[in-house]
Each structure stands twice: as C-alpha cells, then as structure tokens.
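Novice: Okay, here's the prediction I keep looking at, along with the sequence it came from:
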Amino acid sequence: MSSPQPTPWYRQPWPWFLIALPAVAVCASFYTLYLALSAPEALVRDEYDRNGLEVTRRLEQDARARELGLEAHIGFSASGTVYVELSPLTPTPAGVRLQLIHPTAQSQDQVIDLQLAPDGRYSAALARPEGKRYLQLEAGGPASEWRLRGVLDAGDGARARLLPGGD
C-alpha cells in the first residue's frame, strides 16, 4: 500500500492565513502614510496664542466672580420675561449679558442683554426655552469683568442658580 502524497504547502489554507496577517498590516501602514502625506496639517491653528489668551481671560473672569462672592438666580416669568437677581455686587453694572447655550445645536444659542430694572433685578423679554440650556452671565468693563455659569434643565422649573466657574 502506498501512502497518499502530501499536498504542497501553497495549497494549504493556514500558511496563506498566516501570511495575510502581516500583509494586511503592511498595506494599512502604506495607506496611513498616504493619508499623512496627502492631508493638510490642520492640527495646529494659526491663532493658537489668541485662543490661549481667551482661555486665560475666561479663567480670570471666574476668579474675579469668586473674589467678589457673586451668585445669581435666573427666573422666567409667565409673561415672557427673564430676570436675574445678582447678589452681592457693588458697584452694580447697568447691564449684563446672558447666554443660553444649547447642548448640541449651536443654531439655538441665544445672547440677551439684560438691563437693570428699578427693583434691582436685571430683566429682558424672553420666553423660557424648552429643554436643557447652559447659562453664562457676564459683565464686562475694565473694573468689573466677571462671569457666572450654570445649567437650566427642563426639570428645574423656571429657575436656575449661577456660580463662578459653574461650581
């Protein structure tokens, strides 16, 4: 009796599978090299120093609000008015800016300038927005630059509390 002839290695599936793994890695590395050489270098922005200065300015605004011990309460009336009670603040600025920032849709962001009313609160015409909003209240000027942040959630009713740095 004669034994069957073994099939040559190139007709076996396992050697080809073992050769395919490093071959795929080599192809992927060439593709990665192609992407790296053909894509523009967009990771470093030209105005990176300006962006860094803006971040520093924002942190200084938060620190100034902490230093002043500021806190704000924002409410929405049924008549379509937003009002802000700011405490304690001296000197009182004539106006503040309120930003309502939508978590995902920038097109739904709102910026409202609030004016000081005779009752000591800041107010403007604005109906309560639907859903969650990040709030940012700030005042500018060389002597009184500060910022307060908070969150207005649908479950909070018509009031929100703002603190320095959003703490």
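Specialist: Alright, I've got the coordinates.
Novice: Every contact and neighbour count from this point should use C-alpha atoms.
Specialist: Will do.
Novice: in this structure, which spans are strands?
Specialist: Under the criterion DSSP state E, the chain contains strands at 71-76, 81-87, 95-101, 110-116, 122-125, 133-139, 146-152, 159-164.
Novice: Skipping adjacent residues, who's closest to A72 in space?
Specialist: L86 (4.5 Å; Cα to Cα, 6 or more residues apart in numbering).
Novice: List the contacts of that neighbour.
Specialist: L70, E71, A72, H73, R121 (Cα atoms under 8 Å, 6 or more residues apart in numbering).
Novice: at 10 Å what do you get?
Specialist: L86 sits next to L70, E71, A72, H73, I74, T92, G120, R121, Y122, L162 when contact means Cα atoms under 10 Å, 6 or more residues apart in numbering.
Novice: what's the spacing between V82 and G131?
Specialist: The gap separating V82 from G131 is 16 Å, by Cα to Cα, to the nearest Å.
Novice: When those two are compared, which one has more neighbours?
Specialist: Neighbour totals were compared for V82 and G131, and V82 leads with 23 against 11 (other Cα atoms under 10 Å).
Novice: Now that the more buried one has come up, it's in contact with Q99, right?
Specialist: No: counting by Cα atoms under 10 Å, V82 stays clear of Q99, with 11.9 Å between them.
Novice: Look through this structure and tell me its longest helix.
Specialist: helix 13-38 (DSSP state H).
Novice: sorry, back to before: okay, the strands of the chain, which one's buried deepest?
Specialist: The highest mean neighbour count among the strands of the chain, using mean count of other Cα atoms under 10 Å, belongs to strand 146-152: a mean of 23.
Novice: how far does it sit from the chain's center?
Specialist: 13 Å (Cα atoms, centre = their mean, to the nearest Å).
Novice: same for it, what does it pack against?
Specialist: Where contact means 3 or more Cα pairs under 10 Å, 6 or more residues apart in numbering; DSSP states H and E, strand 146-152 is packed against helix 48-68, strand 71-76, strand 95-101, strand 133-139, strand 159-164.
Novice: Can you spell out which helices and strands pack onto the third one?
Specialist: By that I understand strand 95-101. strand 81-87, strand 110-116, strand 122-125, strand 133-139, strand 146-152.
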